[in-house]
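Trainee: What follows is a predicted structure for the sequence shown.
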There are 2 protein chains.
Amino acid sequence: MVIVQKYGGTSVGNAARIRRVCRRIAETVAAGHRVVAVVSAMGDTTDRLIELARRVSEAPPPRELDMLVANGETITAPLVAMCLQDRGVPAISLTGAQAGVRTSGHHSRARIKEIRPIRILNALGRGQVPVVAGFQGATEDFEITTLGRGGSDTTAVALAAALEADLCEIYTDVDGIMTADPRVVPEARLLSHISYEEILELAAVGARVMHPRAVEIGELYGVPIHVRSSFHRRPGTMVVSEVPMEDRKRVRGVAHDLSVAKVTVLGVPDRPGVAAAIFEPLSEAGISVDVIVQNVSSEGRTDLTFTVAEADLGRSLPLVEAAAAEIGAAGTSQAAGLAKVSLVGTGMLGTPGIAARMFRTLAEAGINIEMISTSEIRITCIVDRRRAEEAVRALHAAFELEQVPAGTPV
Amino acid sequence: MVIVQKYGGTSVGNAARIRRVCRRIAETVAAGHRVVAVVSAMGDTTDRLIELARRVSEAPPPRELDMLVANGETITAPLVAMCLQDRGVPAISLTGAQAGVRTSGHHSRARIKEIRPIRILNALGRGQVPVVAGFQGATEDFEITTLGRGGSDTTAVALAAALEADLCEIYTDVDGIMTADPRVVPEARLLSHISYEEILELAAVGARVMHPRAVEIGELYGVPIHVRSSFHRRPGTMVVSEVPMEDRKRVRGVAHDLSVAKVTVLGVPDRPGVAAAIFEPLSEAGISVDVIVQNVSSEGRTDLTFTVAEADLGRSLPLVEAAAAEIGAAGTSQAAGLAKVSLVGTGMLGTPGIAARMFRTLAEAGINIEMISTSEIRITCIVDRRRAEEAVRALHAAFELEQVPAGTPV
């Protein structure tokens, strides 16, 4: 099989961990597979480079910041390649540019346009393990770019798609996808399978899993993805198109995000274009808006409330206030200290009673719901942050997520 | 003027020093010059990367080591570029490959084959300061290479030659070229001018100045080089083809190297090819042989003695012993704990009495001379290491090097 193995920053955090990663790659090669490794920057290297940038520049230009942080991954890749060679496994490190990762020119958030894996295929043909610096690429003009958050996952899945790999393994510091954050719910259970859609929804509500971009590429090209721990040999979670029948139409997990703020635009005139006027400036500033609720209009005016990450609240307010003034709204208000609690599961909304049971569970725990948002496979409630972990535990228990569904492969 | 400014590792050792470097570049730009900056890795970054490599690999392959250590300079370059932009000076960082530095494929000791400074010229044309990562280049196949010791100096002087720059400034942590190491001779004086030949000889005898490769390129293309401190504004030493008349035919400086060992091959048969048989294996192993002395032959046999850096002694011995056996020599002996003390000055040997005065000075100090070697502009004596600094001080005083020659611009 051709297997793309992605090792995150924690997995390659120091020399001892790099040696451990190489032992695993060597074992996979010894088992007769052809391996392409994709590696992240070691531990906090990226943060330290960004901190250096902040010390010499008030607002580092994205082009130079990309040149700088790309070094994180191009340090790891040759270390892994030389460590493999030291173990007798032929290997060659490649920068994103050398690996043929061609991107758009949007620095710090470039998109992969195509992959020309000529050097990777040549290396595989020579029996070498190509060790690719994740998170980065280059434009046609050899300008170095980075892919933004989740970049190394994106590199790995895109490479697996381009190489038509049999499997893409995402090695991480957690066991796989859990029914809830085990730090909050001690009974949380590892999911053996999850669908691309479900993991996308989990990521959207803040669960620390794969980045949505990587998942989307995986779904688009049908790349089988295995999210697993780099610290032990037990299997993790397979991300696949179809979860086993027993797992469908059920609540699969409870996710939460403790850093939510809400903004309300009061007395919005009820006419076309006002929502665009509010949200376009936020989008241009790179601020993600999450749950949006608009009440029924009364007397031609309505209140519009939405959530943003708490860290983005400060940057959001002046933009929203300007937009509110422009469209003739009555004013704005905001609140921080909120959290998102979400149930996720394929086809869940088609199953009667799940939403009702969620609301009743929270009500019985005396937890007030501030906002509600739903998708095909997710129900999200915004609650007070101080009650969020209690809400997660109550929901995990109410939906019996700690129990393995009958007939499910464990 | 077009000025290439090279800043070494100490000059860019931390964020504060990078800001200081950028202030100087900004001042040069404000004075109406076009500046190309060449930067080294910050402080001990290269050493730390090599230490990481040692922790994951017993013998890191040169190709991967180059991929690894090249990050040192590609971290500094964007930091300098963003700091300049922060000061309002347009700038763009370039890797060696982006700057058009095309090299041979000899990893860790690549030679510059040519420079295609298209991006540098474009940047200058746009009014930007190109900030080039020194010490590195790329082959035609986009393999990343490094230039070995003195690599950033070499990048700077080669760029100055390719751009036909008016001046190449080498910023360093010393004031310039001194008559002797001021830590040994407190009276040591800064030289305002020095010839390419003299600085080459100083480098050859271990003085911590510019790398010979950079000087050779400077001489070949007639690049005016200014070696100066990055810590103050005072001028340093100009490296030029012709030193002022008053400085010629004089001793210019005393250099020393405290890490010398000697190897003697005893009873070497006096026939063609024996020297080649001894020195070729050393050369292939990358070991530099310095002073070589062969005594007059007696009864068809002779003793051959040479020096190597003390750090190379261990690697040298098995090679020399094998060669000695092959040519039928009587045996080998070795001694460490030696030092080189050299007088340097253009046309010095044409001036009667300098060698004699050197030997008399050492004799009066009771310092035994173990070996002697001379060139057109240098006399080197090998002495006991414990007496070397005393020898340097005695020679500096005997030749009155602390005194500025009459008529010399200071």
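Mentor: Everything's here; your move. Numbering: from 1, shown residues only, chains lettered A, B, ... in the order given.
Trainee: what sits against A:Leu124?
Mentor: By CB atoms under 8 Å, 6 or more residues apart in numbering or on different chains, the residues touching A:Leu124 are A:Val2, A:Arg34, A:Val36, A:Pro130. (Glycine included, C-beta is placed from N, CA and C.)
Trainee: let's see 6 Å
Mentor: Counting by CB atoms under 6 Å, 6 or more residues apart in numbering or on different chains, A:Leu124 touches A:Arg34.
Trainee: Please apply the same query to A:Ala37.
Mentor: A:Gln5, A:Ile25, A:Val131.
Trainee: redo that, cut-off 8 Å
Mentor: A:Ala37 makes contacts with A:Val4, A:Gln5, A:Lys6, A:Tyr7, A:Val21, A:Ile25, A:Val80, A:Val129, A:Pro130, A:Val131, A:Val132, as judged by CB under 8 Å, 6+ apart.
Trainee: Give the burial count for the last one, as a bare number.
Mentor: Going back to what we said before, that points to A:Val132. For A:Val132, the neighbour count with other CB atoms under 10 Å in any protein chain shown is 33.
Trainee: and the contacts of A:Ala37, which of them are in strands?
Mentor: The strands, defined by DSSP state E, take in A:Val4, A:Gln5, A:Lys6, A:Tyr7, A:Val129, A:Pro130, A:Val131, A:Val132 from the contacts of A:Ala37.
Trainee: returning to that earlier point: same list (the contacts of A:Ala37) but as JSON lines, adding pLDDT.
Mentor: Listed next are the contacts of A:Ala37 as JSON lines, based on pLDDT from 0 to 100:
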{"residue": "A:Val4", "pLDDT": "98"}
{"residue": "A:Gln5", "pLDDT": "98"}
{"residue": "A:Lys6", "pLDDT": "97"}
{"residue": "A:Tyr7", "pLDDT": "96"}
{"residue": "A:Val21", "pLDDT": "96"}
{"residue": "A:Ile25", "pLDDT": "97"}
{"residue": "A:Val80", "pLDDT": "98"}
{"residue": "A:Val129", "pLDDT": "98"}
{"residue": "A:Pro130", "pLDDT": "98"}
{"residue": "A:Val131", "pLDDT": "98"}
{"residue": "A:Val132", "pLDDT": "98"}
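Trainee: Just the buried residues out of those, in PyMOL syntax.
Mentor: Here is the PyMOL command that selects the buried residues among those (16 or more other CB atoms under 10 Å in any protein chain shown):
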select buried, chain A and resi 4+5+6+7+21+25+80+129+130+131+132
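Trainee: so which of the contacts of A:Ala37 are also by chain B?
Mentor: When contact is defined as CB under 8 Å from any CB of the partner chain, the contacts of A:Ala37 meet chain B at A:Val80.
Trainee: Mind putting the contacts of A:Ala37 into JSON lines with distance to B:Leu191?
Mentor: Shown next, in JSON lines, are the contacts of A:Ala37 (distance: CB to CB, whole Å):
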{"residue": "A:Val4", "distance to B:Leu191": "59"}
{"residue": "A:Gln5", "distance to B:Leu191": "58"}
{"residue": "A:Lys6", "distance to B:Leu191": "56"}
{"residue": "A:Tyr7", "distance to B:Leu191": "54"}
{"residue": "A:Val21", "distance to B:Leu191": "53"}
{"residue": "A:Ile25", "distance to B:Leu191": "55"}
{"residue": "A:Val80", "distance to B:Leu191": "48"}
{"residue": "A:Val129", "distance to B:Leu191": "53"}
{"residue": "A:Pro130", "distance to B:Leu191": "52"}
{"residue": "A:Val131", "distance to B:Leu191": "49"}
{"residue": "A:Val132", "distance to B:Leu191": "50"}
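Trainee: And the lowest-mean-pLDDT helix or strand in chain A, what's buried?
Mentor: One helix or strand of chain A scores below all others by mean pLDDT, DSSP states H and E: helix A:196-204, with a mean of 82. Across helix A:196-204, burial judged by 16+ other CB under 10 Å covers A:Tyr196, A:Glu197, A:Glu198, A:Ile199, A:Leu200, A:Glu201, A:Leu202, A:Ala203, A:Ala204.
Trainee: mind checking how far the fourth one is from A:His232?
Mentor: Separation of A:Ile199 from A:His232 (CB to CB, to the nearest Å): 21 Å.
Trainee: Kindly report the same for the first one.
Mentor: Counting by CB to CB, the gap between A:Tyr196 and A:His232 amounts to 25 Å.
Trainee: which regions of chain A lie under the pLDDT threshold?
Mentor: A:204-208, A:244-249, A:297, A:347, A:349-350, A:406-410 (pLDDT under 70).
Trainee: For the most centrally placed residue in it, which residues are in contact?
Mentor: Nearest to the geometric centre of chain A sits A:His211, at 2.3 Å (CA atoms, centre = their mean). By CB under 8 Å, 6+ apart, A:His211 lies in contact with A:Arg149, A:Gly150, A:Gly151, A:Asp153, A:Thr154, A:Ala203.
Trainee: Sort out for me which of those residues are in helices.
Mentor: Judged by DSSP state H, the contacts of A:His211 include A:Gly151, A:Asp153, A:Thr154, A:Ala203 as members of helices.
Trainee: For the residue lying closest to the first one once chain neighbours are set aside, grab the count of nearby residues.
Mentor: Using CB to CB, 6 or more residues apart in numbering or on different chains and skipping the chain neighbours, the partner closest in space to A:Gly151 is A:Phe135 (3.4 Å). With neighbours defined by other CB under 10 Å, the count for A:Phe135 comes to 30.
Trainee: Wait, A:Phe135 touches A:Ser152, no?
Mentor: Yes: assessed by CB atoms under 8 Å, A:Phe135 is found in contact with A:Ser152 at 4.7 Å.
Trainee: what does the least confident helix or strand of chain A contact?
Mentor: Contacts for helix A:196-204 (CB under 8 Å, 6+ apart): A:177, A:194, A:209-212, A:215-216, A:218-219, A:239-241, A:243, A:252-253, A:255, A:290, A:342, A:344-346, A:375-378.
Trainee: same check, this time on stretch A:299-316
Mentor: A:259-270, A:274-275, A:278-279, A:282, A:285, A:287-296, A:330, A:334, A:336-338, A:340, A:371, A:382.
Trainee: Give me the buried entries from these.
Mentor: Buried by 16+ other CB under 10 Å: A:259-265, A:267-268, A:274-275, A:278-279, A:282, A:287, A:289-291, A:293, A:338, A:340, A:371, A:382, out of the contacts of stretch A:299-316.
Trainee: Go through the residues you listed and flag which are in helices.
Mentor: A:Val274, A:Ala275, A:Ile278, A:Phe279, A:Leu282.
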